[in-house]
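K.L.:
Quick one, what's the 3D model for this:
(chains A and B)
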2 protein chains.
Amino acid sequence: MISAGRLYPADTVTLREVGLRDGLQLVRRFPTTAAKKQWLQQEHAAGVRHFEVGSFLPASRMPQFADVHDLIAETARLGAYSSALALNERGAKDACDAQVDEIINVISATEEHSQANMRRSRADAIELVRRTRALSDASDHKPLVNAGIAMAFGCSIAGEVNTSEVLRLAEACLRAGAHAVGLADTVGFAGPAQVAALTRDLVTLCGDTPVLVHLHDTRGMAVANAAAAIDAGARALDGSLGGLGGCPFAPGATGNAVFEDLVYLCERTGIPTGIDLAALIGVRRILETEMPDEQLHGALARSGLPPRVKWTA
Amino acid sequence: MISAGRLYPADTVTLREVGLRDGLQLVRRFPTTAAKKQWLQQEHAAGVRHFEVGSFLPASRMPQFADVHDLIAETARLGAYSSALALNERGAKDACDAQVDEIINVISATEEHSQANMRRSRADAIELVRRTRALSDASDHKPLVNAGIAMAFGCSIAGEVNTSEVLRLAEACLRAGAHAVGLADTVGFAGPAQVAALTRDLVTLCGDTPVLVHLHDTRGMAVANAAAAIDAGARALDGSLGGLGGCPFAPGATGNAVFEDLVYLCERTGIPTGIDLAALIGVRRILETEMPDEQLHGALARSGLPPRVKWTA
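P.N.:
Modelled structure (predicted):
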C-alpha cells in the first residue's frame, strides 16, 4: 500500500512530470508508445520519480492515452510513481486494476464549469472521489486518491472563483476520502498573492494531507506562483518538460509550468530535487523529434545553467 | 528639485521602463529617434511614467544613445520622469546639464567584474557616486543619484557574490550621497529566496532611501524574483517592453524582465500601476517594426488578458 507521506514527503517539495498526460491533452500528433517509454526512462535516469502518464478514458475519445497501461507498467519497472486521471467510476476501476500508484479525480471549482465541461454536478464529482476511494481500498495495490480542484483560481466560464467555495469543495473531498488535494490554475489566471493565500488556507485545512499545486504559465506567472505555493506549504508541484500543453482558451499561450524551470527554482530556493537538470533538458530532444509542430518553452533550455555559481541546493 | 519620495513613493511599487537603455544595449539595429519618441509617447499614453532613456557615453562608442538629450527633453515634455546612465564624471556633468531627472551610476558587486568591465576599482565607482551627487547638488535641476549595484546576485566573472559585500558597497553608496540604491541581477542568476533575503537586508539598511531592483529573465525567474522583491519592500522594479535586451553571456536567452508581465504581476498582487495593459502591449508594434531581428518575449502579449475575472488592483 502506498501512503501519501511516502509519495509526498512532508520535508520537501515533490515535482510531478505531467507532460505525458496534460502535455498531450491538446497536441496534434502524439509520441509513439516506444518514445513515451524513452521519455520516462530518460527522465527517470535524470532523477524524476513522479509521472502522470495518462487518463482512463475510452481510447476512441482520447487515443493519445490508449497506452496508459503500458506506461504504468514501465513506470513501475523503473521504480518510479505513476498517476493517471479517472473521470468516471469505470475509469477508476480500470485504474485500480492497472495498479497505478495514484488516481486523480477532477472537481471543477464552479458549477458552471462542472456542467459545461464534465456534464455533471460538483456533488457528483465528489461522489466519484468517495467511490474511487472505496475501489482503491478494495483493490490489491490501493492507489492514492488525489482530488484535484480545477479552475481553483479563476474559471474560463464563471470568471471569479470564491475562495471559500474552493475550501468547501476541498473539505468535501477530504470527507469523501481523498488522500491528497490539489489546486489547479487550469487556465493560468492566478497571481502569486492569490496562490499564497489559497494554498496557505488549504494547507491549514488539510493538516497532514498533502496539498498539491498544478500551475499553467499562460500569463507568465507559473514560476512566481510556484514560489508562492512552496512558501505556503504546498507538498508537490506539477510541470511538463518544455511546458508542453496548451490552453484551449488562449491559443498560442504557454502551457503547463515548465518542469525544468521548476527544478531550477527549487534548487535555487534550497530545496534539493535529486534531478540532473542538464540531463533533464536533454530529454527535450524526444519531444522535438516526436512532436515537431509543438512549441517548447523554458528559459533554462535557452540560457543554459548559470556558470561559476553554486545554484544547486 | 526632485525628491526620492516623489519619484518612488513609499506606498506603492514603481515600474521603470528601461527598454530605451538596457533594451538597446546589444541590439543589432536600433530605432530612429522619431520611433523612440513614439515609443515614449505611446507608453506614456498607456500610463508609464518612468523611462530610462540612454547612457551618457561618447556617441562613437554607443551610437544607439546619441539622442539621449532629445529623449530626456521628450520625456519632460510628456510630464514623465527620465533617467540615464553616467559611467564617468564627464557623463555625470552632461547628464546634469541635460536636466535628466535621475542619474544612474553603476558599481560592480565584485572587484573582478569592476576591473574587467569598467577598468576601475569599486572604490573609484563609489567615488563617482560622490562626485555625481556634488554635481547634482550644484546643478539647477538637481537630478536624483541612483547607485546601482551590478552582479549583486552572482557574477559572470567571479561567480558567487558575498551578500555582506553587497551591503557594504550599498552602505558606501549611501555615505557617498546616493538618493536611491539598486540591486541588479545583471546576468540572471538570482532565485526568489536570494532576492527576498538581500532586498530585505538592503531595505533595512536604507531606511527611507528607496531600494530599486533590476532583474533579467535569463533563467525564467524574473517574475518570481520580482514578486519576492515586492514582498521584501523594493520601491521600484525595472523591465523592458517585450523583455528587449539580451545577455552577452547567454546568447539566445531572454533579456530584461518583461515590462508588461510586471504590470500584470503588480495588478494581480493588488498594486495599482495606472497602466493600461492592452495599450502597453500595443506599443510592441513599434519594436517589431524598428527591430525586426530582435525576438520579443512576454506571456501577456501571447495569451491576452484573462477574460471574465477582475485582475486589476
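
K.L.:
For the residue lying closest to A:G182 once chain neighbours are set aside, name its beta-bridge partners.
P.N.:
By the measure of Cβ to Cβ, 6 or more residues apart in numbering or on different chains, the closest residue to A:G182 outside its immediate chain neighbours is A:G148, 3.7 Å from it. Bear in mind the C-beta positions are built from the backbone N, C-alpha and C, glycine included. Legend: beta-bridge partners of A:G148 under DSSP bridges are A:V106, A:G182.

K.L.:
Any idea how many residues pack against A:G148?
P.N.:
22 (other Cβ atoms under 10 Å in any protein chain shown).

K.L.:
next one: the one 10 residues further on
P.N.:
A count of nearby residues for A:A158, using other Cβ under 10 Å, gives 19.

K.L.:
And the helices in the stretch 201-313 of chain A, which stretches?
P.N.:
A:222-231, A:259-268, A:277-282, A:284-290, A:299-303 (DSSP state H, counting those that start in this stretch).

K.L.:
that older thread, the residue nearest to A:G182 reaches A:V106, doesn't it?
P.N.:
Yes - using Cβ atoms under 8 Å as the test, A:G148 is close enough to A:V106 to be in contact (5.2 Å).

K.L.:
Now list whatever residues contact both of those two.
P.N.:
When contacts are counted by Cβ atoms under 8 Å, 6 or more residues apart in numbering or on different chains, A:G148 and A:V106 are jointly contacted by A:A184.

K.L.:
what comes into contact with the helix or strand bottoming out on mean pLDDT in chain A?
P.N.:
Least confident helix or strand of chain A, by mean pLDDT, DSSP states H and E, is helix A:4-7 with a mean of 92. Here helix A:4-7 makes contact (Cβ under 8 Å, 6+ apart) with A:T14, A:H50, A:Y81, A:D101, A:E102, A:L144, A:H179, A:A180, A:D208, A:T209, A:P210.

K.L.:
what sits against the last one?
P.N.:
Contacts of A:P210 were listed using Cβ under 8 Å, 6+ apart, and they are A:A4, A:G5, A:L7, A:Y8, A:A10, A:H179, A:A180, A:V181, A:R235, A:A236.

K.L.:
Give me the pLDDT value at the fifth one.
P.N.:
Okay, so that is A:A10. pLDDT for A:A10: 96.

K.L.:
Quick one: classify it as helix, strand or coil.
P.N.:
Following DSSP: H, G, I helix; E, B strand; the rest coil, A:A10 is assigned to coil.

K.L.:
Is it possible to get a markdown table of the helices of the stretch 201-313 of chain A that adds mean neighbour count?
P.N.:
Shown next, in a markdown table, are the helices of the stretch 201-313 of chain A (neighbours: other Cβ atoms under 10 Å in any protein chain shown):
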| stretch | mean neighbour count |
| --- | --- |
| helix A:222-231 | 29 |
| helix A:259-268 | 26 |
| helix A:277-282 | 18 |
| helix A:284-290 | 16 |
| helix A:299-303 | 22 |
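
K.L.:
Just give the nearest non-adjacent residue to the residue most central in space within chain A, would you?
P.N.:
The C-alpha lying nearest the average C-alpha coordinate of chain A belongs to A:D238 (Cα atoms, centre = their mean; 4.2 Å). Nearest non-adjacent residue to A:D238, counting by Cβ to Cβ, 6+ apart: A:H214, 4.2 Å away.

K.L.:
ok, the nearest residue to A:P192 once chain neighbours are set aside - contacts?
P.N.:
With sequence-adjacent residues excluded and distances taken as Cβ to Cβ, 6+ apart, A:P192 is closest to A:A228, at 3.8 Å. A:A228 makes contact with A:P192, A:A193, A:V195, A:A196, A:T199, B:A227, according to Cβ under 8 Å, 6+ apart.
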